[in-house]
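Visitor: Quick one, structure for this:
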Amino acid sequence: MDKNNIGYAVLGLGVGMGHVRGTMDLRGGRLVAVCDLCEDRLAKAVDACKDSKSKDVRTYTNFTKMLNDPDVDAVSIATPSGMHAYHAIMAMNAGKHVLIEKPIDVSVARAEEIVRVWKMMGVKASCVFQCRRWPCITEVKRVLDEGKLGEVFSGLYRINWLRTDEYYAQPIASGEAWRGTWQWDGGGSLMNQGVHTTDLMQWLMGGVESVTSAAKIFNHKIETEDFTSSIVRFKSGAIGNLVSTTCNGGKTTTDLQFFGTKGSVCIENTKITSWVVPGEDEAEMIAKYADGGAAVTKDAAAAQGHAFHVQDLIDAIREDRKPYIQPDEALNALKVVLAVYKSAREGREVRIDEIK
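Guide: Numbering: from 1, shown residues only. Sure, this is the predicted structure:
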């Protein structure tokens, strides 16, 4: 492997197109291959690369064949969530470094197998949680770490999204829909859309102890759920609320609110809407992040986030260091999501340490 020109590949060209776009300005590496069962998606990826240093990107419909390509050193795993462990383990067993889309998988046992193989093979492995990279989140992390809000006793974390029936009907290679299924999606509004906010919540608040939850299907013909609501007890003693939906017919937002004994912070999408922090100017902070800090649109956020994670993996390989988010850390958000589903099914409080 040439550490000055690491060969990168992407498996799965749905959300994986964000990974493809994330390689366009890659330093120390380049996209050499893409793999998908759909020829139209492969053609789209080739077209996206035509004016870049990856204009000669190779296409595959067979993952094993792509793993046998000697130019492939690292792979993004962007297949349906329930396939993540299967494909990531294949890649790592072939000696490839991996970047795994969120969630790491839909099963704790399979996610833990990812961790086992990663450690055994000695490769670099990372997971995608690009919302941690939003500029406003960097500011929130700063004031929480510095204790500027005093004792943070509560928080609200809401994913108020909309997904259509057509979205849930998109098929996998067998022709079956995969979104909104327990087998391939692992859940609905919380596992697929809300896992980002769940990760931010547990990361910023210092870990979740237990949840008491309800879940329901309000407006889709799916197996899983399109609404959850949870009382969340944190390891710190704080108590918050986590809500997810893909039924919202109004304004689509992701809301994060943190309440402390000395101040509070409110975020809507990537914008700061309230900043009551001792010694800091609220108007200045709101103005600074009026456009999210970097004019972040939904598509741009995904592309920038994937670009960060791809570059981070490449740099981790070259510098022989840990990537930003490793598989064992990515397990935290998965366990919270699965605890919500278990609590909703069983009608009781569920501790995170019950999730195996």
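Visitor: residue ranges for the helices of the stretch 51-200 of the chain, please.
Guide: Remark: helices assigned in the stretch 51-200 of the chain by DSSP state H, counting those that start in this stretch are 63-67, 84-93, 108-121, 135-145, 165-169, 195-205.
Visitor: Is it possible to get the ones you listed out as TSV so that each row also shows mean pLDDT?
Guide: What follows is those, written out as TSV (pLDDT from 0 to 100):
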stretch	mean pLDDT
helix 63-67	98
helix 84-93	98
helix 108-121	98
helix 135-145	95
helix 165-169	94
helix 195-205	97
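Visitor: out of those helices, which comes closest to residue 333?
Guide: Residue 333 sits nearest to helix 195-205 of all the helices of the stretch 51-200 of the chain, at 3.9 Å, using C-beta to C-beta. Heads up, the C-betas are built off the backbone N, CA and C, glycines and all.
Visitor: looking just at contacts, which helices and strands does the closest one meet?
Guide: On a contact count with 3 or more C-beta pairs under 8 Å, 6 or more residues apart in numbering; DSSP states H and E, helix 195-205 meets helix 135-145, strand 152-160, strand 239-245, strand 253-260, helix 327-346.
Visitor: Could you dump these into a markdown table and include mean neighbour count and distance to residue 197?
Guide: Output for the helices and strands packed on helix 195-205, formatted as a markdown table (neighbours: other C-beta atoms under 10 Å; distance: least, C-beta to C-beta, whole Å):
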| stretch | mean neighbour count | distance to residue 197 |
| --- | --- | --- |
| helix 135-145 | 16 | 11 |
| strand 152-160 | 20 | 5 |
| strand 239-245 | 21 | 7 |
| strand 253-260 | 20 | 6 |
| helix 327-346 | 21 | 9 |
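Visitor: Which of the helices of the stretch 51-200 of the chain sits closest to residue 155?
Guide: helix 195-205 (6.3 Å).
Visitor: hmm, back to that, any chance of the helices of the stretch 51-200 of the chain in CSV, plus distance to residue 31?
Guide: Listed next are these as CSV, based on distance: least, C-beta to C-beta, whole Å:
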stretch, distance to residue 31
helix 63-67, 12
helix 84-93, 16
helix 108-121, 23
helix 135-145, 27
helix 165-169, 27
helix 195-205, 24
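Visitor: Out of those, flag the one nearest residue 283.
Guide: Closest to residue 283 of the helices of the stretch 51-200 of the chain is helix 135-145 (C-beta to C-beta; 14.7 Å).
Visitor: out of the helices and strands packed on helix 195-205, nearest to residue 102?
Guide: Using C-beta to C-beta, the helices and strands packed on helix 195-205 put helix 327-346 closest to residue 102, at 7.5 Å.
Visitor: Counting by contacts, list what the next helix or strand after the closest one packs against.
Guide: Next helix or strand after helix 327-346 toward the C-terminus (DSSP states H and E): strand 350-351. On a contact count with 3+ C-beta pairs under 8 Å, 6+ apart, strand 350-351 meets strand 208-216, helix 327-346.
Visitor: Low-confidence ranges, the stretch 251-356 of the chain, go.
Guide: The model of the stretch 251-356 of the chain has pLDDT under 70 over residues 292-304.
Visitor: Try it again at 50.
Guide: Counting by pLDDT under 50, the low-confidence segments of the stretch 251-356 of the chain come to 294-303.
Visitor: one step back: redo the helices and strands packed on strand 350-351 as CSV? Include distance to residue 118.
Guide: Putting those into CSV (distance: least, C-beta to C-beta, whole Å) gives the following:
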stretch, distance to residue 118
strand 208-216, 24
helix 327-346, 5
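Visitor: do you know which of the ones you listed lies nearest residue 188?
Guide: strand 208-216 (8.3 Å).
Visitor: For the closest one, give the mean pLDDT please.
Guide: Per-residue pLDDT over strand 208-216 has a mean of 98.
Visitor: circling back: would you turn the helices and strands packed on helix 195-205 into CSV with distance to residue 312?
Guide: Converted to CSV, these look like this (distance: least, C-beta to C-beta, whole Å):
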stretch, distance to residue 312
helix 135-145, 15
strand 152-160, 25
strand 239-245, 27
strand 253-260, 23
helix 327-346, 13
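Visitor: tell me the domain boundaries of this protein?
Guide: 6-129+301-326, 131-297+333-354 (automatic domain parsing).
Visitor: which of these is buried the deepest?
Guide: Mean neighbours per residue, mean count of other C-beta atoms under 10 Å, is largest over the domains of the chain for domain 6-129+301-326, with a mean of 20.
Visitor: Ok, which of the helices of the stretch 51-200 of the chain comes nearest residue 18?
Guide: Residue 18 lies closest, by C-beta to C-beta, to one member of the helices of the stretch 51-200 of the chain: helix 195-205, at 13.2 Å.
Visitor: That closest one to strand 239-245, inter-axis angle?
Guide: Counting by axes from the mean of the first three to the mean of the last three C-alpha atoms, to 10 degrees, helix 195-205 lies at 170 degrees to strand 239-245.
Visitor: hang on, the earlier thing: can you tell me which of the helices and strands packed on helix 195-205 comes nearest to residue 189?
Guide: Nearest to residue 189, of all those, is strand 239-245, at 4.2 Å by C-beta to C-beta.
Visitor: now the closest one, how far from the centre of its chain.
Guide: Averaging C-alpha positions (C-alpha atoms, centre = their mean, to the nearest Å) puts strand 239-245 18 Å from its chain's average.
Visitor: that older thread, right, and the helices and strands packed on strand 350-351 - which one's nearest residue 133?
Guide: Of all those, helix 327-346 sits nearest to residue 133, with 14.9 Å by C-beta to C-beta.
Visitor: which one of the helices and strands packed on strand 350-351 lies closest to residue 9?
Guide: helix 327-346 (18.8 Å).
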